[in-house]
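Q: Okay, here's the prediction I keep looking at, along with the sequence it came from:
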Amino acid sequence: MFKNFLVALLVIATLNSNAQSYKKTDNGAKSVVNTINIEIQFYTPEVVRVIKHPVAANFDKRSFTVIQHPAKTAFTVASSNNQLVLKSKALKVTLDLKSGKIQYYTVANKLLLAENGAQFNPVTDGNKNTFDIAQDFTIDANEAIYGLGQHQK
């Protein structure tokens, strides 16, 4: 009987140690997935900002292009089956807590954009250690992306 109890306790501890966790914040949620810090922030019900960076990197996100600050936005956070779901009145954002991939939906559950993954490769720029970053998305075949310095098909 005592052996069975110890085995059950060990199984539960193992399952809990493999579960991914998150922390709800004032504007969204934070999680660490596969050594990558991921923060999802609602700026408005229609605008979401995602910040990703390696855990080991000292990182203080200051942007010259994003000058808006998050506004108080009502949202919910739920987690099940290794998926974190954040919802505002206009958007639903899901984070796969195993892969770190993010998907963006309307509240009617229509997929808007799906991330296929992100890679952070260490490089040296002059005398500064930094990262070469690659991020891949799935988009509709008839959709074009502008503003990246090139037109992607």
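A: Arrived safely.

Q: List the buried residues of stretch 112-128.
A: Buried positions in stretch 112-128, judged by neighbour count with 16 or more other CB atoms under 10 Å: Glu115, Ala118, Phe120. No exception for glycine: its C-beta is placed from N, CA and C like everyone else's.

Q: Which member of these is positioned nearest Lys52?
A: In terms of CB to CB, no member of the buried residues of stretch 112-128 lies closer to Lys52 than Ala118, at 5.8 Å.

Q: Nearest residue to the closest one in space, please, no chain neighbours.
A: Nearest residue to Ala118, sequence neighbours excluded (CB to CB, 6 or more residues apart in numbering): Gln135, at 4.5 Å.

Q: Any stretches of the protein with poor pLDDT?
A: Within the chain, the segments meeting pLDDT under 70 span 1-20, 59, 61, 147-153.

Q: tally of neighbours for Tyr22?
A: Neighbour count for Tyr22, taken as other CB atoms under 10 Å: 19.

Q: my read: it touches Val85, true?
A: No: with contacts counted by CB atoms under 8 Å, Tyr22 stays clear of Val85, the gap being 10.6 Å.

Q: Quickly list what's touching both of those two.
A: Val77, Ser79 (CB atoms under 8 Å, 6 or more residues apart in numbering).

Q: ok, and what's touching stretch 86-103?
A: 20, 22, 28-29, 31, 33-34, 36, 38, 40, 42, 45-46, 48, 50, 52, 73-79, 82-85, 104-107, 109, 111, 113-118.
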